[in-house]
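J.: Based on what follows, work out the 3D shape:
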Amino acid sequence: MAFTVAQIAEALEARFEGDGSLSVTAASEPATASSEAIALAMDPKYSDGLTQGDAKAAILWDGADWKTLGLEAAIFVPRPRYAMSGLTHLMDQGPDIEPGIHPTAIVNETARLGSDIAIGPFVVIGRDVEIGTGARIASHVSIAEGARIGTDALIHAGVRIGHSVKIGDRFICQPGAVIGADGFSFVTPETSAVENARKSLGDTGDAQAQSWTRIHSLGAVSIGDDVEIGANATIDRGTIRNTVVGDGTKLDNLVHLGHNVEVGRDCLLCGQVGVAGSAKIGDRVVLGGQCGVSDNIFVGDGVIAGGSTKIFTNAPAGRVLLGSPAVKMETHVEMQKAMRRLPRFMKQVQDRLKG
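T.: Next up is the predicted model:
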């Protein structure tokens, strides 16, 4: 699909100079851009790449001299990464799913589907499911009985949505995600070694060998509006109450939310984050890749945790954390500096003792 420079500038709410009617079909890095692509050179350090590629148009930083760069048109943006959001939204056509319901799809007669939907091959939609208008559902998706999905959903191939799950509008779900599997919850008839160790911080006591008994999941999952779920992410249903994900929150690939977890609004949970059962995450929390959150604790609004941080206790609102166990980021940096100094310090101690 082709776009003119003027159309792209309008979509980005940015100004352009030069030939606004110039048409492009793709976006590209400057050095590899063809004449049909718009080059992304939104920082002066990428200007040299424009001389290597064949782009006639580019998105540039404010104040760039587009004519001396050999361009026929240019768009100027003050915040490059935000401009990338608008550009990719404009150019991304999404998966190719034929309108209507594919002949191989199985849709229960009690399901209620909105208008302007596209349901791909081998989709299974269960009893009493509700799906809003404008939904696009790719192949091999299963949506179990009683699930509710709002308007304008985009659900990629192989997603599994369990029974009674409630999802808001403009939902995006990447391939292979599982929403509404049973929670991982087991108990022993008598006090277990795990319970003793947790209570005593290390002593297993006199607990006897026992088998585990399942605690079933009677709750479901409730997801707000404008939520995105990454590939192979998993969200367990609650034990009694629902597991909850707030409006605007984004989960990366391989994120896991345990049973009864509550995640607030506009959070970012990056790849391989794990949140244990009954933890509560506030609004606008950012958890870097491989962060872990212990069960039954609270992470306050606006907390930012760097990659691989392990949060074992309540985290106050606004705290920036790093490390395992999590501490203030500046404290973690000082601790690491001290650790690096230890060998030299120990040598100094030994030299003193010898002297």
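J.: tell me, how many neighbours does residue 106 end up with?
T.: Residues near residue 106, counting by other Cβ atoms under 10 Å, number 13. Any C-beta I mention is one placed from the backbone N, CA and C, and that applies to glycine too.
J.: is it true that it touches residue 125?
T.: Yes: using Cβ atoms under 8 Å, residue 106 is in contact with residue 125, at 7.0 Å.
J.: what residues are up against residue 308?
T.: For residue 308, the contacting residues are 288, 289, 290, 291, 324, by Cβ atoms under 8 Å, 6 or more residues apart in numbering.
J.: can you point me to the longest helix in the chain?
T.: Secondary structure assigned by DSSP state H gives helix 329-354 as the longest helix of the chain.
J.: Pull the distance from it to the chain's centre.
T.: Relative to the centre of its chain, helix 329-354 is centred 39 Å away, using Cα atoms, centre = their mean, to the nearest Å.
J.: taking the contacts of residue 308 one by one, which sit in helices?
T.: Members of those lying in helices (criterion: DSSP H): none.
J.: of those residues, closest to residue 159?
T.: For these, the residue nearest residue 159 by Cβ to Cβ is residue 289; the value is 22.2 Å.
J.: give the contact list for that closest one.
T.: Residue 289 sits in contact with 252, 270, 271, 272, 273, 307, 308, where contact means Cβ under 8 Å, 6+ apart.
J.: For the fourth one, what is the enclosing helix or strand?
T.: So that's residue 272. Under the criterion DSSP states H and E, no helix or strand holds residue 272.
J.: Quick check: PyMOL command selecting the buried ones in the contacts of residue 289.
T.: Entered in PyMOL, the line below selects the buried ones among those, by 16 or more other Cβ atoms under 10 Å:
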select buried, resi 252+270+271+272+273
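J.: which element is the nearest residue to residue 11 once chain neighbours are set aside on?
T.: With sequence-adjacent residues excluded and distances taken as Cβ to Cβ, 6 or more residues apart in numbering, residue 11 is closest to residue 90, at 4.6 Å. Assigned by DSSP H and E, residue 90 belongs to helix 80-91.
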